[in-house]
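S.K.: can't give you the sequence, but here's the structure:
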């Protein structure tokens with residue numbers, strides 16, 4: 001029986017050097033040759049998807065942590081932050097002196113001083129993802145975030161999410177209070193350190209997006225497998241018939257997963273695909 005397979009990207013498909021292990025490429029291609037469907041299910045917007053991911057040969061993507069669903073190039077669902085909410089977010093972040101970028105399928109639109117503010121934060125993010133001090137000493141924001149645009153319009157109507165640099169964890173807590181109609185999370189690399197806050201469409205998550213895609217495909221939920229490494233992935237691992245945590249996953253996802261595979265950098269995807277009989 002063919003399966004629908006859903007892969008988180010960062011820390012699951014892509015390792016902490018932002019590269020795709022060759023074994024993961026082999027596993028995906030072989031699984032698809034065997035009749036299985038493979039989708040990425042990520043917090044990234046389409047503009048952040050490096051070409052190498054598409055070059056593997058995947059069936060589509062769920063982006064923006066569930067706000068966007070695409071199958072074979074066809075957009076199935078796209079839930080956007082309203083322009084009114086976007087203006088509120090941008091004005092609130094400006095008032096607090098917080099730098100940010102707006103995540104759209106058309107690009108990542110950065111605030112006026114994002115490059116300078118983000119430089120040390122994204123270097124720390126890269127260090128937490130396994131890079132060395134030598135590797136990050138000259139890193140710029142554009143090296144860590146694919147698709148950054150400077151000088152673009154900030155009051156937009158095409159946004160999946162907004163990410164902002166936290167000066168303190170209180171910024172995240174205050175964002176929850178300020179935007180009760182939106183979904184608020186944090187992110188920051190291995191260990192789920194809170195370096196950034198983000199805001200997205202309320203009640204949209206990866207599990208809901210998978211449900212929408214399965215209805216479109218006519219695939220039964222019992223024929224699904226999900227892979228992830230972070231708290232944001234827990235709803236999709238819980239929703240799918242089999243939920244697999246990467247060995248580098250956080251403690252919450254390790255505790256609830258049906259199966260734990262090896263670290264992303266230690267052939268975790270390939271080994272799980274083999275164990276699950278997908279190859």
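M.R.: The structure has been received and is ready for your questions. Being a predicted model, the structure only gives us computed values, none of them experimental.

S.K.: residues touching the most centrally placed residue in the chain, list them.
M.R.: For the chain, residue 43 is the residue whose C-alpha lies nearest the centre (Cα atoms, centre = their mean; 2.4 Å). Applying Cβ atoms under 8 Å, 6 or more residues apart in numbering to residue 43 gives the contacts 9, 10, 63, 64, 65, 161, 187, 198, 232. To be clear about C-beta, it is placed using only N, CA and C from the backbone, and glycine gets the same treatment.

S.K.: again, only using 6 Å
M.R.: Neighbouring residues of residue 43 by Cβ atoms under 6 Å, 6 or more residues apart in numbering: residue 65.

S.K.: so what does residue 250 look like in phi/psi?
M.R.: phi -70, psi 170 (degrees, to the nearest 10).

S.K.: what separates it from residue 158, distance-wise?
M.R.: Going from residue 250 to residue 158 by Cβ to Cβ, to the nearest Å gives 31 Å.

S.K.: hey, where'd the strands end up in the stretch 51-200 of the chain?
M.R.: Per DSSP state E, counting those that start in this stretch, the stretch 51-200 of the chain carries strands over the ranges 60-63, 68-71, 74-78, 100-104, 107-110, 148-150, 159-165, 182-187, 196-201.

S.K.: who are the contact partners of the residue nearest to residue 163 when sequence neighbours are not counted?
M.R.: Leaving aside its chain neighbours, residue 163 sits nearest to residue 198 (4.5 Å; criterion: Cβ to Cβ, 6 or more residues apart in numbering). Counting by Cβ under 6 Å, 6+ apart, residue 198 touches 161, 163, 185.

S.K.: what of residue 178?
M.R.: residue 92.

S.K.: what about it, distance to residue 63?
M.R.: From residue 178 across to residue 63, the span is 25 Å (Cβ to Cβ).

S.K.: got it, and residue 1?
M.R.: Taken as Cβ to Cβ, the span from residue 1 to residue 63 is 27 Å.

S.K.: what about the two, which has more around it?
M.R.: residue 63 (28 against 7; other Cβ atoms under 10 Å).

S.K.: you'd agree residue 24 is up against residue 269?
M.R.: Yes. With contact defined as Cβ atoms under 6 Å, residue 24 reaches residue 269; the gap is 4.2 Å.
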